[in-house]
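Peer 1: Fold the following, please.
(2 chains, ligands or ions: 2)
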Protein chains: 2
Amino acid sequence: QKVMKEQLLELVEVPSTTSDGVQLTLAANISSLKELDAALHNGADGVGLFRTEFLYMDRGRFPTEDEQFETYRAVAQKLKGRPLVIRTLDIGGDKQLDYYELPEEDNPFLGFRAIRFCLERKDLFKTQLRAILRATAFGDVRIMYPLITSVDEVREANGVLAEAKKELENEGIEFRSDIKVGIMIEVPAAVAIADLLAEEASFFSIGTNDLIQFTLAVDRMNEQISHLYEPFHPAILRMIRTVAHAAQTKGIPVSICGEVAGDVNALPIWLGLGIEVLSLSAQAILPVKESLLRTKAIDSRNLLEGLFRCKSASEVRAMAGQFNMEAALAPGNVRPIV
Amino acid sequence: QKVMKEQLLELVEVPSTTSDGVQLTLAANISSLKELDAALHNGADGVGLFRTEFLYMDRGRFPTEDEQFETYRAVAQKLKGRPLVIRTLDIGGDKQLDYYELPEEDNPFLGFRAIRFCLERKDLFKTQLRAILRATAFGDVRIMYPLITSVDEVREANGVLAEAKKELENEGIEFRSDIKVGIMIEVPAAVAIADLLAEEASFFSIGTNDLIQFTLAVDRMNEQISHLYEPFHPAILRMIRTVAHAAQTKGIPVSICGEVAGDVNALPIWLGLGIEVLSLSAQAILPVKESLLRTKAIDSRNLLEGLFRCKSASEVRAMAGQFNMEAALAPGNVRPIV
Ligand SMILES: [Mg+2]
Ligand SMILES: [Mg+2]
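Peer 2: Ligands and ions are numbered 1, 2, ... in the order given. Take a look at the predicted model:
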């Protein structure tokens, strides 16, 4: 195990490209500066998802603009120009605050969460947006809104962002006005109107964890039915394809930031669909890179047709698993690690 | 109000067709024999959704096969040959049994429910299927599975149905072996694979209440966010269109059985998409019929293009409301009631 880990670390400086030369950006999901260090140690090409909840959960009150700014700036500076995607506050659901009572809910996953909370508490939202905007002076900082379900919500959020920009301008504080603003695609409605949302966003990030839960109506924390939580369900593949096509038609990039992004068997799906970025936990980066290096993008595209003919998740799993195994064994493939 | 109600009752015998002669079946949602009487009083063209939960909630134990059979037969006989769609047990979520402890769940809507329960408790499921099969000797009785998310589930449920048939056959009990078996489309995954599911089913019924909740990630009982529960959301329209197209390609009928089926402003959507059946609460049947009689299917189809260009629910609502008002005022339209 340890040898394996050291062998993987030899890949840190290796560019993340397929054996036929297609590049896939392997970014990191982080929640803190400490996790950033682990991500950089594993060669992350930037941060695809900075979860800002910990800033709100770590103390007995809402963080001030300056407190947030200091953290965002520190992360941006450590990234030395590599992208930093900051997700705005995604509280609610299973994430609560000690000092602010959210309503008791029968189904918190289908409740008052994320962008819904922020659009109700625009004061708190604007504070965060100001802090993020200020950090743009120190790196390639981008914003991402979670749990978007409609064009209206994006526009309303962007209205608050415009106010924040105007305020900073009036105060003479430095920031980049052309900050990229992306959307998490993690609610089935967002998939169904992905073409409309693509008009409103600089990029998409598919949050597979929530998307799978809503699409299959399965709370994956619920042991009684967690076997029904199935990233390789044909419905999930189709939804990801819909989003990828909508984004490509509009010319904006798509990333995948759920757990399944770290499953090497899912690699041909991303490559086949032309996904450009995976956002991964630090430990998943090098195993995915190792698999990527010996996979051909052209073979992935060919495989995809077969995957989309499958009628069940178990068929998809079997076919994708077989593909990954064959890629590992094929002669002539780049295989820096056995 | 009372005069209005009496005027509506004059429509009971009037066939439910548009002013340009397109027929729409107006069936009823019922939970009991008493509700069946109300439905028939309002001229229901059959029962599109018989919720069988009350049979299980009304007593201190699971109902026997004979108890169920007696009820299903009584409903079938009262319908005198009109269709009776019996939904198999849809327990869980917000529907609990006093005498059987379902697990405590953090998100019961995304939990152990409906067909998931039945496929775990195949003994109880088979008892219900036997009772339904026996009722086929007394009317046009059909089966419908709730909360389907995959082809596998349909096949597994059909496996239990095949066993039930074989048992009845061996026991020499009369039933119709060619009973129609339909699927509720109420989970986003089922929409995404509607073409695959259409191969497995005799009909579809779109359960809009749950479908909207999952698609928008909104528990409509949650007051804090119930304003986000929006049947006219462009994503919902598109999903219904996807299901309608899949069904039409395969040649199976589609009904709508959620609350929005009773909203007269939604009529042009159903007519435009070629939906064949609405299943309504008893009180909604005649108001919908009144609106139907003065609506043109051809105008609805034309309107639909406009509805599908809308980027927000409020635009859809405004356009559909305007259409319904104009249909009410247009000279030459059949308007039996002012
Ligand atoms: Mg999420
Ligand atoms: Mg339901």
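Peer 1: distance of the closest residue to residue A:268 other than its chain neighbours from ligand 2?
Peer 2: Of all residues not flanking residue A:268 in the chain, residue A:300 sits nearest, at 3.7 Å (C-beta to C-beta, 6 or more residues apart in numbering or on different chains). Every residue, glycine included, has its C-beta placed from N, CA and C. Separation of residue A:300 from ligand 2 (C-beta to the ion, to the nearest Å) stands at 38 Å.
Peer 1: Which parts of the stretch 201-338 of chain A are strands?
Peer 2: A:203-206, A:254-256, A:277-280 (DSSP state E, counting those that start in this stretch).
Peer 1: Contacts for the first one next, please.
Peer 2: Outside strand A:203-206, the residues within contact range by C-beta atoms under 8 Å, 6 or more residues apart in numbering or on different chains are A:48-49, A:85, A:142, A:144, A:180, A:182-186, A:194, A:197-198, A:240, A:243, A:247, A:252-258, A:277, A:279.
Peer 1: Which among the strands of the stretch 201-338 of chain A is found nearest to ligand 1?
Peer 2: Among the strands of the stretch 201-338 of chain A, the nearest to ligand 1 by C-beta to the ion is strand A:203-206 (10.2 Å).
Peer 1: what's the average pLDDT for that closest one?
Peer 2: Averaged across strand A:203-206, pLDDT comes to 98.
Peer 1: and the stretch 1-150 of chain A, which residues reach ligand 2?
Peer 2: Residues of the stretch 1-150 of chain A found near ligand 2 (C-beta under 5 Å from the ion): none.
Peer 1: Low-confidence stretches in the stretch 1-150 of chain A?
Peer 2: A:1-3 (pLDDT under 70).
Peer 1: For ligand 2, give me its nearest residue in chain A.
Peer 2: Per C-beta to the ion, the residue of chain A with the smallest distance to ligand 2 is residue A:217, at 9.4 Å.
Peer 1: can you count the residues close to that residue?
Peer 2: A count of nearby residues for residue A:217, using other C-beta atoms under 10 Å in any protein chain shown, gives 29.
Peer 1: what do you get for residue A:121?
Peer 2: 15.
Peer 1: Likewise for residue A:180?
Peer 2: Going by other C-beta under 10 Å, the residues that sit close to residue A:180 add up to 18.
Peer 1: Please report phi then psi for it.
Peer 2: Residue A:180 adopts backbone torsions of phi -80, psi 140, taken as degrees, to the nearest 10.
Peer 1: Report the buried residues of the helix or strand hosting residue A:37.
Peer 2: Using DSSP states H and E, residue A:37 sits within helix A:33-41. Residues of helix A:33-41 classed as buried by neighbour count (16 or more other C-beta atoms under 10 Å in any protein chain shown): A:35-36, A:38-40.
Peer 1: In terms of secondary structure, what does that helix contact?
Peer 2: strand A:25-30, helix A:65-79, helix A:282-293 (3 or more C-beta pairs under 8 Å, 6 or more residues apart in numbering or on different chains; DSSP states H and E).
Peer 1: Swap in 10 Å and give it another go.
Peer 2: If contacts are counted by 3 or more C-beta pairs under 10 Å, 6 or more residues apart in numbering or on different chains; DSSP states H and E, helix A:33-41 sits against strand A:25-30, strand A:47-51, helix A:65-79, helix A:282-293.
Peer 1: Name the residues of stretch A:275-289 that are buried.
Peer 2: A:275-282, A:284-289.
Peer 1: Figure out the length between the terminal residues of it.
Peer 2: With C-alpha to C-alpha, to the nearest Å applied, stretch A:275-289 spans 15 Å between its terminal residues.
Peer 1: That stretch - what's its average pLDDT?
Peer 2: Rounded mean pLDDT across stretch A:275-289 is 97.
Peer 1: So which residues on the stretch 1-150 of chain A come close to chain B?
Peer 2: Proximity of the stretch 1-150 of chain A to chain B (C-beta under 10 Å from any C-beta of the partner chain) is limited to residues A:92-94, A:102-114, A:116-117, A:120, A:147, A:149-150.
Peer 1: what about 8 Å?
Peer 2: A:94, A:103, A:105-112, A:116, A:147, A:149-150 (C-beta under 8 Å from any C-beta of the partner chain).
Peer 1: Go through the residues you listed and single out the one with the most neighbours.
Peer 2: Using other C-beta under 10 Å as the neighbour test, the residues of the stretch 1-150 of chain A next to chain B are led by residue A:110, with 29 neighbours.
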